[in-house]
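S.K.: The sequence isn't on hand, but the structure is:
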């Protein structure tokens, strides 16, 4: 049966129902654990589904941080230190990653609470998650406030990449499917993936072909 | 074998290799076709992997539009008309969706070129994609330029939702997995999904439990 919502229908929804519905609409989202450290040395982890690609050269990512959420500790740590990590959530750590969205006390580390393991790279301030197969070290470049709802868009440059050579193809593509990275839908649903196709560069009047070569 | 890239290693990569690598790092991305119409009546479709959730009340989405890409026609149409659609790409239309990223002439419609079918909702200017199972009508609210690389962030309000009642759960969650929505990795890889878990609201010292109920 067709289902239609107009603007007023959306407005009239119960707040929780609207949150579940609207959060489903953008499509699948990335699943990352954000690692930060406070100036008192407390290691913090936050579950982040709002990280997105901003540019390849320089290599930039954006993360939308909503006000009054558990990510505020992370945001304060980023503002104070200038550094954080993003660690792909894989299928073996979905429950631990989701648990990181609980409101722990500021002096409590989500690493200890969930059993995930902090790992450091030489000379990089923020902790990585040892269990992750794709780990990124980022340096804050800019925070831009979105006028429309005062969310803060953190823009940062990727300065370290730690992964396994097995996942990378010759053309540079990193097979995050083979790395068991999961994706998120709505507020609380986690999904594994399976490749449908990797397709050639599209040109008018030229048939597409598969460019998939299995990683080693 | 562990693979490490530092900032200089990334900088030294061949441009195409760097693009493939960096575009893989944020994680899985949403897959949407953006429908617009020019003031001359030309219907335009663009493949968009940069749509993301901005807020639930009001219901807002953001789309990052990079300069000098094929999405410029779409951006001009949005600026001129104030309206566009986002249509979830599902598994049956992956090749057609990818083909929409080809550089067609401005007077050529990607609908005609790919065989996708335009569909209109009463009183809404921009065309939907009939083949999509989740169709969103959006009204432009604001365009914010990211200072760091001059990409344009389009922020728009969801004013229409067209889907099937079968995909929606009682709590509002829309089962985009059941709707066969795909996700994207890198520049050109498409993936189907399978649910790992839908998890309860996380609280400190409280075990998580599955809240998954199959949609009808």
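M.R.: Cool, the structure landed. Values in this document were obtained by computation on a predicted structure and should not be read as measured data.
S.K.: For the rest of this, base every contact and every neighbour count on C-alpha atoms.
M.R.: Fine.
S.K.: Flag the shaky bits of chain A, pLDDT-wise.
M.R.: Counting by pLDDT under 70, chain A shows low-confidence ranges at A:68-70, A:214-216.
S.K.: can you pull out the helices in it?
M.R.: Under the criterion DSSP state H, chain A contains helices at A:7-12, A:15-25, A:72-81, A:94-99, A:110-114.
S.K.: got the ones you listed as a markdown table, with distance to chain B and mean neighbour count columns?
M.R.: Putting the helices of chain A into a markdown table (distance: least, Cα to the nearest Cα, whole Å; neighbours: other Cα atoms under 10 Å in any protein chain shown) gives the following:
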| stretch | distance to chain B | mean neighbour count |
| --- | --- | --- |
| helix A:7-12 | 4 | 14 |
| helix A:15-25 | 4 | 21 |
| helix A:72-81 | 16 | 18 |
| helix A:94-99 | 5 | 23 |
| helix A:110-114 | 8 | 18 |
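S.K.: can you list those in a markdown table and add distance to residue A:54?
M.R.: Conversion of the helices of chain A to a markdown table gives the following (distance: least, Cα to Cα, whole Å):
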| stretch | distance to residue A:54 |
| --- | --- |
| helix A:7-12 | 30 |
| helix A:15-25 | 21 |
| helix A:72-81 | 18 |
| helix A:94-99 | 24 |
| helix A:110-114 | 28 |
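S.K.: quick one: which of these is nearest residue B:83?
M.R.: helix A:7-12 (13.9 Å; Cα to Cα).
S.K.: buried set for the longest strand belonging to chain A?
M.R.: Taking DSSP state E as the assignment, the strand of chain A that covers the most residues is strand A:152-164. Buried residues in strand A:152-164, defined by neighbour count with 16 or more other Cα atoms under 10 Å in any protein chain shown: A:152, A:153, A:154, A:155, A:156, A:157, A:158, A:159, A:160, A:161, A:162, A:163.
S.K.: Okay, and the beta partners of the last one?
M.R.: Applying DSSP bridges to residue A:163 gives these bridge partners: residue B:3.
S.K.: Contact partners for it?
M.R.: Contacts here follow Cα atoms under 8 Å, 6 or more residues apart in numbering or on different chains; on that basis residue A:163 touches A:133, A:134, A:135, B:2, B:3, B:4.
S.K.: Could you report the separation of it from residue A:108?
M.R.: In this structure, residue A:163 and residue A:108 are separated by 28 Å, where distance is defined by Cα to Cα, to the nearest Å.
S.K.: ok, now residue A:60?
M.R.: From residue A:60 over to residue A:108 (counting by Cα to Cα), the distance is 30 Å.
S.K.: more neighbours, these two?
M.R.: Here residue A:60 and residue A:108 are set side by side on neighbour count (other Cα atoms under 10 Å in any protein chain shown), and the busier one is residue A:60, at 24 against 13.
S.K.: wouldn't the more buried one be in contact with residue A:137 here?
M.R.: No. With contacts counted by Cα atoms under 8 Å, residue A:60 stays clear of residue A:137, the gap being 11.3 Å.
S.K.: shared neighbours, the two?
M.R.: When contacts are counted by Cα under 8 Å, 6+ apart, residue A:60 and residue A:137 have residue A:158 as shared neighbours.
S.K.: partner residues bridging residue A:190?
M.R.: Note on residue A:190: beta-bridge partners by DSSP bridges are residue A:184, residue B:197.
S.K.: which residue packs closest to the spatially most central residue of chain A, ignoring adjacent ones?
M.R.: Among the residues of chain A, the one closest to the centroid is residue A:32, at 3.3 Å (Cα atoms, centre = their mean). Among residues not flanking residue A:32 along the chain, residue A:88 sits closest, at 4.6 Å (Cα to Cα, 6 or more residues apart in numbering or on different chains).
S.K.: List the residues that contact the one you found.
M.R.: In this structure, residue A:88 makes contact with A:31, A:32, A:33, A:132, A:133, A:134, A:135, A:181, A:182, B:27, judged by Cα under 8 Å, 6+ apart.
S.K.: and if you look at residue A:115?
M.R.: Applying Cα under 8 Å, 6+ apart, one finds that residue A:115 lies in contact with residue A:96.
S.K.: Need phi/psi at it.
M.R.: Taking degrees, to the nearest 10, you get phi 80, psi 10 for the backbone angles of residue A:115.
S.K.: rewinding a little: quick check, nearest of the contacts of residue A:163 to residue A:120?
M.R.: Using Cα to Cα, the shortest approach to residue A:120 within the contacts of residue A:163 belongs to residue A:135, at 10.9 Å.
S.K.: Double-check the closest one against residue A:162; I have them as touching.
M.R.: Yes. Using Cα under 8 Å, residue A:135 makes contact with residue A:162 at a distance of 5.0 Å.
S.K.: Residue A:130 contacts residue A:119, doesn't it?
M.R.: Yes. Contact between residue A:130 and residue A:119 holds when scored by Cα under 8 Å: they sit 5.5 Å apart.
S.K.: the more surrounded of the two?
M.R.: Here residue A:130 and residue A:119 are set side by side on neighbour count (other Cα under 10 Å), and the busier one is residue A:130, at 14 against 11.
S.K.: Give me the residues contacting stretch A:29-41.
M.R.: Contacts of stretch A:29-41 (Cα under 8 Å, 6+ apart): A:43-52, A:74, A:77-78, A:80-81, A:83-89, A:97, A:125-129, A:181-185, B:26-30, B:52.
S.K.: Now the buried members of those residues.
M.R.: A:43-52, A:74, A:77-78, A:81, A:83-89, A:97, A:125-129, A:181-185, B:26-30, B:52.
S.K.: Now, the residues you listed that are in strands?
M.R.: With strands taken from DSSP E, the overlap with these comprises A:43-48, A:51-52, A:83-88, A:128-129, A:183-185, B:29-30, B:52.
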